[in-house]
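> here is a sequence with its predicted model. Questions after.
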Amino acid sequence: MTATETRIEQDLIAKLEALKYTYRPDIRDREALEKNFREKFEALNRVKLTDSEFSRLRDEIVNADVFAAARHLREKNGFERDDGTPLYYTLVNIKDWCKNSFEVINQLRINTDYSHHRYDVILLINGVPVVQIELKALAISPRRAMQQIVDYKNDPGNGYSKTLLCFLQLFIVSNHSDTWYFANNNNRHFSFNADERFLPFYQFAGEDNTKITHLDSFADKFLAKCTLGEMISRYMVLVASEQKLLMMRPYQIYAVKAIVECIHQNCGNGYIWHTTGSGKTLTSFKASTLLKDNPDIDKCLFVVDRKDLDRQTREEFNKFQEKCVEENTNTETLVRRLLSDDYADKVIVTTIQKLGLALDGNNKKNYLARLEPLRQQRMVFIFDECHRSQFGENHKAIKEFFPNAQLFGFTGTPIFDDNASYQQIEGQQASFKTTADIFQQQLHAYTITHAIEDRNVLRFHVDYYKPEGNHPTPSGHPSRGGESPRPNSPPLEGWQAKPDRVVPTKRAIVEAILAKHDAATNGRKFNAVLATASINDAIEYHALFKTVQVEKQAQIESVGGDFQPLNIACVFSPPAEGNKDVQQIQEDLPQEKADNEQAPDEKKAALKAIIADYNARFGTNHSIGEFDLYYQDVQKRIKDQQYPNQDLPHAQKIDIVIVVDMLLTGFDSKYLNTLYVDKNLKYHGLIQAFSRTNRVLNDTKPYGNILDFRQQQDAVDTAIGLFSGEAAKPAKEIWLVDKAPVVIGKLQTAVQSLSDFMQSQGLENKPEALPNLKGDAARSQFINLFKEVQRLNTQLDQYTDLTDEHKASIEQVLPREQLQGFKGVYLDTAQRLKEKQDKRDDSTPPEVQQLDFEFVLFASSVIDYDYIMALIARYASQMPGKQKMSRAELIGLIQSDAKLIDDRDALTEYIDSLNTDKPHTVQGIREEYAQYKVAKTNQAIAEVAAKHGLATAALQDFVDGILRRMVFDGDQLSELFAPQELGWKARTKAELALMEDLIPLFKKLAQGREVSGLEAYEQ
């Protein structure tokens, strides 16, 4: 540790002592840790174990499965003593975590097979290690600090899986001023994958969402003994179906506490304003389960207002805890469960429609009379999305029948006075206009402003569509410049006059979408929703996309171009015709419900044709009679957009889904990033629709993209102002990304910083100069500087409103060809530094250890293996003098994409070996390249065999066997050297030398898959 790290550690220990932790400087190794645990265990369980009993107990409880260990920590367990009698025990006082002993240890060293790690600070509860704190002196990236812990956990034989450290629940990383924490998990939930979707990590905050990041303040608020016990026992959730530990975010914890306290004090109703995408389901689940154990509460009903949300919420609850919520198939089942005394029926998930029927005094099944015995009971009702429209009359019925009930609502977009007019009940004004009228008091707020600042959701880029060139801007757009068209002037081509403005025709909108979609979705890495004003509009758009794309394909291919049509889907509800499921779906789809009352047969026929088109495109067999299955399939394809995804090629994905009301509320997908708008949106409807696009994925998705064809800037500004909550600066600055000129200015600054650095190294700011950088510290500086250039470039690439002037400015700042060259050198440099970083020996400079490469920024969704094969075929078949792509351009493209990093050398050599005197097909190139790679691999194996004095055939069999099973067998390695009759020392040395040459080959041939057992030779 550096002197600074040592000082931070000493100060933290002093702070923890002030918080009444016992400092144990005597616990520095595994033996002392286990001795202390044994003492605490025996005292807690009032037992004296023999040495053999403790040894058996220790071996039983140490478990490499993090989830199993976490359950063990929280439950009462059984153990058979030497004399055959049972011992029932707990590892900690699970009834009152505050009454455990709390200790702090530091510089613990645990030596196991292949692992010799030292741990900065560990917190013990009753002798069990539950929190590890890693301290850093530099402002290291939190993701990089997390990566280091992930790397340590992946070491074979590490202390996390072989010792009491298996019980660690939380990791904390701090450089004293900046502190983050995250939950422990098994490897499948605790790893960094190729798409760089990272572990959830948190900063603590106060009730007002103010960050608490300084280590001293964090210790006061988070590490106080009872608080830490509460965090681990109450506010970590064990997700049974996924075998995963979840840590609740601070705002979720405060919301749960507020509800529980409101019930404890019996002080009326309340609502939680937590923005869309903030994890309201987990919050409501935790509130419900805590209420399940509250003896003062008779029933807790979690109420949703759509059938699909009922199923989705029940599945979510049961995911958090198996079978904790039973299915309510109908109102009869709901009534039966309300009357049940069974503990399993204490928490019920139901729809507001079933609840309304149960409380309807005119219902012929007379549910109300059967429920009469419950009238005076204490009931808790928790309403999801309580801004929705049907709530007013049900609220009245609940309060009349259950006078002792308490009602709590969750909403991302509350109803205020300004937007209350949107709350309608079958054409009549609702009894209660605002959320505050219904729920009396706001218990906690975490608005979209907070979520954006915390990077829990993304900001928005809003492009108010206007015609290209210097045409007049439609009215209502003073901020965009230009004058409004004169009343008597003819409308622009592709635009139509409306009473108060000029708007594009549907065909102009389709053509604009086709022109902008690849940019908006990062080369179709993401997908989009087109929101239309009516079912008739949706039908017309679906037909138009088909027509226009056929025309464009013929036009582009006639001049030798390549046009890849977008996959278009369309979904709207059919006429209900008495179908209860469809009626229930439509209760939250007012436009579709109204539209289906006009010419229902035409709507039905059109939807049948749309579904038939979908079936033909995707090889499905959906029908209008089972509309819900079709709707689910559409949702699944949007969520399965992950790129690259070999199990779901582009032909099976949806690029754009056309909707009216559906999917604009309550639907989440990380791969949806764009909303095209051709309908009027206001207030909460606008925010809900926009929020479909802003789920966080990684740095290739910098914001949610909105392309508005109705020039609704005033409505957007009003909605932002209404739902921003309290903010230190104007909400628009937080919610909306910078306009293109501002980002271009930032790009210019980033490129200038790179140029200044290169000049300081005595080099020109050109890709070809970079190999002359001296030392890893300089190379690391280049990595950080160019990564910022690429991040800004990625952001600009997805702007849909770049003008020709903008594009020229970007090209002037950093020409595309030069950018591609820098990407290639970046990947080459990053690959070499990553190999040094992975070794993690003392010779690796700190600048390299701290690098966070973010390879995903350098992987184009367009450029994949198939794309490159097609390009090579086209390149090799070009007529002399008519070349459209040079060798240098083709090689540059390959070298600049992170997905091809393992294939770049082989592809370059193959291209050089091509015979360009004959025409080539893509299939022929694919087969020829596959043969070329096999020959190259065989040659590499033969060279390694010759170098180490091994038979080529024997080494080939050895490599093939490992790759077939993806398991490395050390015994077979020894057999390879048997013919050389070496002594054990010489053989060990020879094996290690061979593995140094084989490991890069295995990694390349495994193509990103893990070869089990290989890690032991990578140290």
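The structure has been received and is ready for your questions.

> relative to residue 820, how far out is residue 562?
20 Å (C-beta to C-beta, to the nearest Å). All C-beta spots, glycine's among them, are computed from the backbone N, C-alpha and C.

> who has more neighbours out of the two?
residue 820 (16 against 9; other C-beta atoms under 10 Å).

> I'd like the distance between that one and residue 876.
21 Å.

> ditto for residue 968
Relative to residue 876, and taking C-beta to C-beta, residue 968 is found at 38 Å.

> ditto for residue 118
56 Å.

> the two: which is more packed in?
Higher neighbour count among residue 118 and residue 876: residue 876, with 19 against 13, using other C-beta under 10 Å.

> so that one makes contact with residue 920?
Yes. Counting by C-beta atoms under 8 Å, residue 876 does reach residue 920; the two are 4.5 Å apart.

> mind listing the shared neighbours of these two?
Each of residue 914 lies in contact with both residue 876 and residue 920 under the rule C-beta atoms under 8 Å, 6 or more residues apart in numbering.

> tally of neighbours for residue 885?
Count around residue 885 with other C-beta under 10 Å applied: 13.

> now it: which helix or strand?
According to DSSP states H and E, residue 885 maps onto no helix or strand at all.

> could I get the full set of helices for the stretch 551-700 of the chain?
Using DSSP state H, counting those that start in this stretch, the helices found in the stretch 551-700 of the chain span residues 580-586, 590-595, 600-618, 627-639, 683-690.

> export these as JSON lines, with columns for mean pLDDT and mean neighbour count.
Output for the helices of the stretch 551-700 of the chain, formatted as JSON lines (pLDDT from 0 to 100; neighbours: other C-beta atoms under 10 Å):
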{"stretch": "helix 580-586", "mean pLDDT": "74", "mean neighbour count": "18"}
{"stretch": "helix 590-595", "mean pLDDT": "91", "mean neighbour count": "18"}
{"stretch": "helix 600-618", "mean pLDDT": "96", "mean neighbour count": "16"}
{"stretch": "helix 627-639", "mean pLDDT": "91", "mean neighbour count": "18"}
{"stretch": "helix 683-690", "mean pLDDT": "92", "mean neighbour count": "22"}
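
> nearest approach to residue 45 belongs to which of the ones you listed?
helix 627-639 (47.3 Å; C-beta to C-beta).

> what angle separates the closest one from helix 600-618?
Helix 627-639 runs at 40 degrees relative to helix 600-618, counting by axes from the mean of the first three to the mean of the last three C-alpha atoms, to 10 degrees.

> and helix 627-639, how far out from the chain's middle?
The chain centre lies 20 Å from the centre of helix 627-639; the measure is C-alpha atoms, centre = their mean, to the nearest Å.

> so what does it touch, helix or strand wise?
Counting by 3 or more C-beta pairs under 8 Å, 6 or more residues apart in numbering; DSSP states H and E, the packing neighbours recorded for helix 627-639 are helix 307-320, strand 568-571, helix 580-586, helix 600-618.

> hmm, 10 Å instead?
With contacts taken as 3 or more C-beta pairs under 10 Å, 6 or more residues apart in numbering; DSSP states H and E, helix 627-639 sits against helix 307-320, strand 527-532, strand 568-571, helix 580-586, helix 600-618, strand 656-659.

> and residue 7, what are its phi and psi?
With angles defined as degrees, to the nearest 10, residue 7 sits at phi -70, psi -40.

> could you check the pLDDT of it?
Looking at residue 7, its pLDDT is 90.

> same question for the one 10 residues further on.
According to the model's per-residue confidence, residue 17 sits at a pLDDT of 97.
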